[in-house]
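In: Sequence below, structure please.
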Amino acid sequence: MKAVDIRTVDKSQLVDLSTVHIDESLPVRERVLSYLKQVKNPYCVRVGNFAVKVKYKEDGPSFEEVFKHLLQQQSMM
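Out: Next comes the predicted model:
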């Protein structure tokens, strides 16, 4: 999934983040699963007319760690 070339990806095939809805009352694991089910490819999504590719440093935290942290922060707001 992370091998998608952002320069050649068909934007019409990407899920627009504005259509993704996360139920904040769910436990973090359930929110992660819901997000993954909705976006299909967590590394490449669409925001309006723009294709967005998520990339992480090799020596940094994993996608899972960063995403879990993001969801935990959202529930604290």
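In: ranges for the strands of the protein?
Out: 44-47, 50-53 (DSSP state E).
In: how distant is the one helix or strand in the chain whose mean pLDDT sits lowest from the center of its chain?
Out: Ranked by mean pLDDT, DSSP states H and E, the helix or strand of the chain with the weakest confidence is helix 63-76, at a mean of 73. Computed by CA atoms, centre = their mean, to the nearest Å, the chain-centroid distance of helix 63-76 equals 11 Å.
In: residues making contact with it?
Out: By CB atoms under 8 Å, 6 or more residues apart in numbering, the surrounding residues in contact with helix 63-76 are 22, 24, 28, 31, 32, 35, 42, 43, 54, 56, 61. Placement of C-beta: from N, CA and C, glycine included.
In: So what would you say the end-to-end distance of stretch 17-37 is?
Out: 13 Å (CA to CA, to the nearest Å).
In: buried stuff in it?
Out: Neighbour counts using 16 or more other CB atoms under 10 Å place 31, 32, 34, 35 of stretch 17-37 among the buried residues.
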